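Participant: Dropping the sequence and predicted coords here.
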Amino acid sequence: MASMQFPEGFLWGAATAAYQIEGAANEGGRGQSIWDTFCRQPGRVRDGATGEVACDHYHRVDQDIALMRDLGLQAYRFSVAWPRVYPFGGGPLNEEGLAFYDRLVDGLLDAGIDPMMTLYHWDLPQALQDRGGWANRDIVEHFETYARTLFERFRGRVHRWVTLNEPLIVSQLGHLAGVLAPGIRSHEVNARVIHHLLLAHGKAVEMFRELDMPGEIGITNANTAYEPYDESSEHLAACELARDFDSRLFHDPIYGRGYPASVHKFYAERGAPFPIEPGDLPTIATPTDFLGVNNYSRRVVMADRRPIGFRFAEPTLPVQPMGYEEAPDSLGDFVRWVSKEYDSPPIYITENGRGDEDGTEAAMLNDQKRIELMRGFLAGLHDAIESGCDVRGYYAWSLMDNFEWAFGYSKRFGLVYTDYETLERKPKASARFYADVIRDNGLTGAT
Ligand code: IFM
């Protein structure tokens, strides 16, 4: 492979999320989250797994920062557990929870690693869910209070901020399919959830500007690269519909276009219109500094007569344990699509990676398939940058194996192996591969 150099100053990092790694679920004054509740409900999470211990990052934060430094990471994306900061969502602030993130952020800065803080990565305080969660408009005000607390506390120390992680998954899988917390299946609820997630994002960005915060703020969306089954007009139209429901839904409003008409109509016809109030759409469209892109794969889209008008074709590429096609081009393809669609926003790849089915430690450590796929993803990303896309950094998902939501601990996404018995961390072959990528600022023939 020819050498592929990334632009000077390109940021190389890795990502995690609070509930997936922290553990210490009942320590440090942390309140309950919807994931604590969901995990306790029989049959919701594979093998009855919970995030109670997870990777025990809460107690091993110094060791984990040293690990990042050894890998040469320049940046680290993590999320704050809302119930650690506000155990009941609103009400009393938990200083001990904030102190944990002080320690993390200061440790990262001391190690020369740039922190990217995500405000919400799915662990809503249960107390707020008890009052309707994201379906209740009051949540927006609670999110504002929470965001302000973090902005004021970490001002000048954290320069890159993400409001929400993958609102599409929160809505679709949490409130429509019901396979993630809080496990609701309702169009009516979901329409409200979608709108309030976007509004909370917009309010946080407005506040960031009002406080004249130094640094950058954006949202991270979940994305699939969609390809039409063939070039016929019916499949092309179906592909655009898939993009409306899964891609444009959480991008169009942010970029000032309001909701895609097709999605708007779908919910309105089900008696569940988006509860838009005057001023909401301009707030949601408050300009951001970057777009966070998460991508793992592609889907081929076909026309279908069923209600939405599209369906996904059977995979033709090898399928990973997560069910995703092994599609190395998907990252570059999506970045090219989103750049063209929204006038080339600055982009950080906030997640990208591959999940292995749990197996022997030896097999997990020698993760050649991950290396092969990452190499392909990065080659595609490099191509997209060469063609003019403004991509500024890449955060591999994930730093270490962790709690993969409804899959429990059965899927391993880490560059670093987690032994869940001893909680020992062991860098995989992919960690060494990635350390070389970082050192070389790209892919070299020898990598
Ligand atoms: O583990 C998740 C993460 O929390 C959100 N994005 C996808 C990852 C892999 O499934």
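Facilitator: Arrived safely, thanks for sending.
Participant: For the stretch 151-300 of the chain, just list every one of the helices.
Facilitator: For the stretch 151-300 of the chain, the helices defined by DSSP state H, counting those that start in this stretch cover 167-171, 187-210, 233-246, 261-269, 280-284.
Participant: Specify the stretch among those that is closest to residue 417.
Facilitator: Among these, the nearest to residue 417 by C-beta to C-beta is helix 167-171 (25.4 Å). (C-beta placed from N, C-alpha, C; glycine too.)
Participant: That closest one - contacts with which helices or strands?
Facilitator: Applying 3 or more C-beta pairs under 8 Å, 6 or more residues apart in numbering; DSSP states H and E, we find helix 167-171 packed against helix 187-210, strand 216-228.
Participant: Neighbouring strands of the shortest one in the sheet, and parallel or not?
Facilitator: In the sheet containing strand 216-228, its partner strands are strand 160-165 (parallel), strand 290-303 (parallel), by DSSP bridges.
Participant: What is the burial count for residue 199?
Facilitator: 25 (other C-beta atoms under 10 Å).
Participant: Relative to the ligand, how far out is the residue lying closest to residue 39 once chain neighbours are set aside?
Facilitator: Sequence neighbours aside, residue 50 is the residue nearest to residue 39 in space, at 3.9 Å (criterion: C-beta to C-beta, 6 or more residues apart in numbering). Separation of residue 50 from the ligand (C-beta to the nearest ligand atom, to the nearest Å): 15 Å.
Participant: Identify the residues contacting residue 50.
Facilitator: Residue 50 sits next to 25, 36, 39, 40, 403 when contact means C-beta atoms under 8 Å, 6 or more residues apart in numbering.
Participant: For the spatially closest residue to the fourth one that is not a sequence neighbour, give its distance to residue 20.
Facilitator: Leaving out its chain neighbours, the residue that sits closest to residue 40 by C-beta to C-beta, 6+ apart is residue 50, at 7.4 Å. In this structure, residue 50 and residue 20 are separated by 12 Å, where distance is defined by C-beta to C-beta, to the nearest Å.
Participant: Overlap of the contact sets of these two?
Facilitator: residue 403.
Participant: Give the burial count for the residue of the stretch 101-250 of the chain found nearest the ligand, as a bare number.
Facilitator: Nearest to the ligand in the stretch 101-250 of the chain, going by C-beta to the nearest ligand atom, is residue 166, at a distance of 5.6 Å. Residue 166 has 25 neighbouring residues, counting by other C-beta under 10 Å.
Participant: was I right about it contacting residue 223?
Facilitator: No - contact criterion C-beta atoms under 8 Å: residue 166 and residue 223 do not qualify, at 9.0 Å.
Participant: which residues does the residue nearest to the spatial centre of the chain bridge with?
Facilitator: Centroid-nearest residue in the chain, with C-alpha atoms, centre = their mean: residue 165, separated by 4.2 Å. Beta bridges link residue 165 to residue 220 when assigned by DSSP bridges.
Participant: That one contacts residue 201, doesn't it?
Facilitator: No - using C-beta under 8 Å as the test, residue 165 is too far from residue 201 to be in contact (10.8 Å).
Participant: Kindly point out which residues are neighbours of both of residue 166 and residue 223.
Facilitator: residue 294.
Participant: burial measure for residue 152, as a count.
Facilitator: Number of residues near residue 152 (other C-beta under 10 Å) recorded here: 10.
Participant: Chain neighbours aside, what residue packs nearest to it?
Facilitator: Closest to residue 152 by C-beta to C-beta, 6+ apart is residue 211, at 7.4 Å.
Participant: which ones are touching the nearest residue to residue 88 once chain neighbours are set aside?
Facilitator: Once flanking residues are discounted, residue 88 sits nearest to residue 127: 4.1 Å by C-beta to C-beta, 6+ apart. By C-beta under 8 Å, 6+ apart, residue 127 lies in contact with 31, 32, 87, 88, 89, 90.
Participant: Let me see the mean pLDDT of the helix or strand that residue 127 is a member of.
Facilitator: Secondary structure from DSSP states H and E places residue 127 in helix 126-129. What helix 126-129 shows for mean pLDDT is 98.
Participant: What residues of that helix count as buried?
Facilitator: For helix 126-129, the neighbour count (16 or more other C-beta atoms under 10 Å) marks 126, 127, 128, 129 as buried.
Participant: For the closest residue to the last one other than its chain neighbours, give its distance to residue 182.
Facilitator: It stands for residue 129. Excluding its sequence neighbours, the residue lying closest to residue 129 (C-beta to C-beta, 6+ apart) is residue 34, at 4.9 Å. Per C-beta to C-beta, residue 34 is found 5 Å from residue 182.
Participant: Quick check: neighbours shared by these two?
Facilitator: Applying C-beta under 8 Å, 6+ apart, one finds that residue 34 and residue 182 are jointly contacted by 124, 129, 133.
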